[in-house]
Structures are given as C-alpha cells and as structure tokens.
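Trainee: structure for this input, please:
(chains A, B, C and D)
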Number of protein chains: 2
Amino acid sequence: MLATIKPLTSRKQEILEAAQALFSRKGYTDASMRDLAEALGIEPASLYSHFKSKEDILWEIAIRCAKAFNDGQEPIFSASLTPEIKLRNMIDRHIELMIDNINASAIFFREWHHLSKERHDDYAQMIIDYEQRFVQVIEEGMKAGVFKASVRPKFITSALLASINWMHKWYRPEGSMTISDIQQHMHLLLLDGLQS
Amino acid sequence: MLATIKPLTSRKQEILEAAQALFSRKGYTDASMRDLAEALGIEPASLYSHFKSKEDILWEIAIRCAKAFNDGQEPIFSASLTPEIKLRNMIDRHIELMIDNINASAIFFREWHHLSKERHDDYAQMIIDYEQRFVQVIEEGMKAGVFKASVRPKFITSALLASINWMHKWYRPEGSMTISDIQQHMHLLLLDGLQS
DNA sequence: TAAATTGCCTAACAACCGTTAGTTAGCAAT
DNA sequence: ATTGCTAACTAACGGTTGTTAGGCAATTTA
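Mentor: Coordinates of the predicted model:
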C-alpha cells in the first residue's frame, strides 16, 4: 500500500455505471446481461465475477441511490429552520441529487418492482420514510399557518415529488436550464402557485 | 340481425381489457403472451386470431387512449373561456380521463417506447400536440397577466402533467379521495400555490 | 518462490419468449 | 347440403434470456 489509495473494486464501479446508463435507457428487463457486457467490452459470463446475479446489480444501484437521497435529506430535515425554508431546501436538495445521478434516479423511481420480495419491501420502506419527512414538514407548516390548512400533506408530497422526479425524462445537462433555474421554477409552481 | 346488436368483436375488447390490466401491472415486456392467454383462459396461439402481434395490442391500447385524451381536451381548448378557467378545466378533464382509464393511462405514459419506430413517432407527435395545448393556454394566461410572467410554459406543463399522471401509481377507486377531491387539491397545489 | 486469488475467457444449458403452421368444431349464409 | 368464417386448439420453431461449469493467464499474497 503506497502513495495511491487502492481504488476499491473500481471495475465493479465501472459495471455499475454502465448498468445505470443501460437500465435507465432501456429499462431493467429489456437491458440484457449481454448488452451490459458489450457496453463494457467483456463477455457476459465475466460479469458474474463481480456480481452474483442481475438483480444484485439492480439492488446495488438502488440502495446506493436510496442512501444518497436519505443522506442528502437528513441534515436539512434535522436543522432548526422554519417549515417553509425547510421544505424549500428539501426540494432544492432533491433536485440537486436528481441531476447528479440522473441515470440512477430513473432506475430509483421506475425499476424497483424487479427486486425480490424481501428487497422490495426494504426498499419500499426507505421510500416511505423519505416521503414521510416531506409529509411531516408540510404538517408542521400547516400548524404554523404558513401552508394552507386545507391540504392533505400526503397528496401534496406525492404530486410534488412526481413533478420533480419526472425530470429524468427531459433533463439534459447541455440543455438551457441550469440547476438554479429548475429550482426556482419548481418553487414558483409548487410553493408560490402559478397564478399572479 | 335481430333484436340484439351484434357486439362488434367483443372478444377483441375482452383481450384488450385483460392486456391493459396486465401491461399496467407488470409492464409490457414482463407481461408475456402466455400470461395474457392464461388470464383469458385460452391458449397463447389463440390470441393471434384477434391480433397480428403483441405490439399490435399495445398499439390499439395506446391509440384508443390517445384518442380519448385528445377528444376530451378539444372542446375545452376550443371554447371561449379565459385562460385561467380553460387551464382549470383542462386539468379537471385530464384527471377525469385518468380515473376512467387508469390502467390504459399507466400504459399511455410508461410503455410507448416499445412501439415500432413509425408508430412511436406518430404517438410522440400526438403527445406533443396534447401538451402543446397546455403550453398555449399558459402563454395566453401570461399575456393576459393572470399567470406569473416569469414562468416557462413548457416547464410548467411538464411538471403539472407529471403530478397528475403519477396518479396511476396511487389512485384506487375504493380510496378516500373522490374525483372532486383530487381536482380541488391539484388546483390548490398547481394553480393557487401551497403557501397561504 | 510457491500458493492463492482475481478477472477474464469459451461453451453450454434450461427456461422462456413471440410467433407460425396446420387443424378443427361450431355456426351462419348461400 | 355446401361453403366460408370465427375462434379456438396442438405442436413446434428459432431466438434470447440469465446463469453455470470449467479453464487459464496474470497478479497478489504468504
């Protein structure tokens, strides 16, 4: 062990990144192990030196992505902020994470029903927890009177996250909207309201 | 031809409905022709007495759904109404159509990339046209000053429809929200804004 | 230096896929 | 009575799928 830190299983990382791009583009089922191997320039069977199964690849992508979103959300949720600012920051962070991991996010939101029952259940719980923190902040805001009293926080959370998550369909890094543009527009639509 | 009107190819309709439920639940690729046949209590090969291919079934579902959405939108778009009311009505109609065809809608929004190139292009154009009418109404509203001047109509349309279309993931007819509840909440979030 | 591990390879298997060929029973119209 | 159509059937085809067995060269570890 010398000057350079060993890039822990960097090949594994390469496979995960290729798989993210492929699963995101074609969908989990339609992306075959042969497709993935070809994208990496190796034989299909070689993938099994790094992963036990195709589903394990999906699981690794999913769990990393779930962790990134949870870790990103946690400090904001735990901070001492008004519900209004907190929600705003949580939305901003969610958008940032979407953009940073646009391929993984597409999988994160569309492909997890391919996981085995047990993993599926674990995963669903993580998503419920993640969304529940939005629900909680909205409830706080309602009590504090900064959000309208007539809303159903769960409904709002679903609709709000659906808007943001749909980004994976149209966002392109080379497109005309910067992160900040997107964040501002989401605030405008989802918090301030479209009407002037 | 007697008292009863011949139920024009009613078997075909049965297959389409079973296919809608199946494709919606498992996704197009993961739902096999054998699955579909089993759901109908017939042999896989028998499906080919009614449809030339699996893709033809998807196409028929997709095109019917596209037609329903376009036909539903047209009279509202063409009516003499203020942009604000028009947008409100278009949202309401979209929600109604989602609920009336919740399975088909799921396919409508998720599965059309499985169509052949030519059909895919036709279909994409219909969706672009459908969305464009939202864009146009929002532009009118901006000019009239009833919507905020700083928005990008295309962005708003995407985010707005994403919110509504996500319904296919959580809506249950036996659930606690009526159509009217859903419509009101969408207005609140998307038009009036969450903040009080 | 010897041993073990890693990362790839070739070859193949069983399962499943959409689809076709060919047939048949039942029914309606000529 | 014959014809033709509809909607189903049985059987099977060629292709693709995820995966495994077994081997081999290079690298790392003891």
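
Trainee: hmm, which helix or strand of chain A has the shakiest average pLDDT?
Mentor: Every helix and strand in chain A was compared by mean pLDDT, DSSP states H and E; the lowest is helix A:102-110, with a mean of 90.

Trainee: whether that one contacts DNA strand D - can you check?
Mentor: No: contact of helix A:102-110 with DNA strand D (C-beta under 7 Å from any atom of the strand) is absent, the minimum separation being 14.4 Å. (Each C-beta comes from the backbone N, C-alpha and C, glycine too.)

Trainee: list the buried residues for that helix?
Mentor: With burial defined by 16 or more other C-beta atoms under 10 Å in any protein chain shown, the residues of helix A:102-110 counted as buried are A:102, A:103, A:104, A:105, A:106, A:107, A:108, A:109, A:110.

Trainee: ok, residues contacting that helix?
Mentor: Among residues not part of helix A:102-110, those counted as contacts by C-beta atoms under 8 Å, 6 or more residues apart in numbering or on different chains are A:20-21, A:23-24, A:27-28, A:58, A:61-62, A:64-66, A:68-69, A:97-98, A:101, A:165, A:167-168, A:171, A:173, B:110.

Trainee: interface residues of chain A facing DNA strand D?
Mentor: Residues of chain A lying near DNA strand D by C-beta under 7 Å from any atom of the strand: A:29, A:31-35, A:44-45, A:47-48, A:52-55.

Trainee: in the residues you listed, find the pair that's most separated.
Mentor: Across those, no pair lies farther apart than A:29 and A:45, at 20.1 Å, counting by C-beta to C-beta.

Trainee: what's the spacing between the residue positioned nearest the centre of chain A and residue B:157?
Mentor: Central residue check for chain A by C-alpha atoms, centre = their mean: the C-alpha nearest the mean position is that of residue A:105, 4.0 Å away. Here the distance between residue A:105 and residue B:157 works out to 21 Å (C-beta to C-beta, to the nearest Å).

Trainee: any weak-confidence spans in chain A?
Mentor: Low-confidence regions of chain A, defined by pLDDT under 70, span residues A:1-9, A:193-194, A:196.

Trainee: ok and the biggest helix by length in chain A relative to helix A:102-110, angle-wise?
Mentor: When every helix of chain A is counted residue by residue (DSSP state H), the longest turns out to be helix A:117-144. If you take axes from the mean of the first three to the mean of the last three C-alpha atoms, to 10 degrees, helix A:117-144 sits at 90 degrees to helix A:102-110.

Trainee: need the residues of chain A near chain B, please.
Mentor: Counting by C-beta under 8 Å from any C-beta of the partner chain, the positions of chain A adjacent to chain B are A:27, A:29-30, A:84, A:110, A:138, A:145-152, A:155-156, A:158-160, A:162-166, A:169-170, A:177, A:182, A:185-186, A:188-196.

Trainee: PyMOL command to pick out the buried ones of those?
Mentor: Buried members of the residues of chain A next to chain B can be picked out in PyMOL with the line below, counting by 16+ other C-beta under 10 Å:
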select buried, chain A and resi 27+30+84+110+138+146+147+148+151+152+155+156+158+159+160+162+163+164+165+166+177+182+185+186+188+189+190+191+193+194
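
Trainee: near DNA strand C, list only the ones from the residues of chain A next to chain B.
Mentor: Restricting the residues of chain A next to chain B to those within reach of DNA strand C (C-beta under 7 Å from any atom of the strand) leaves nothing.

Trainee: thanks a lot, catch you later.
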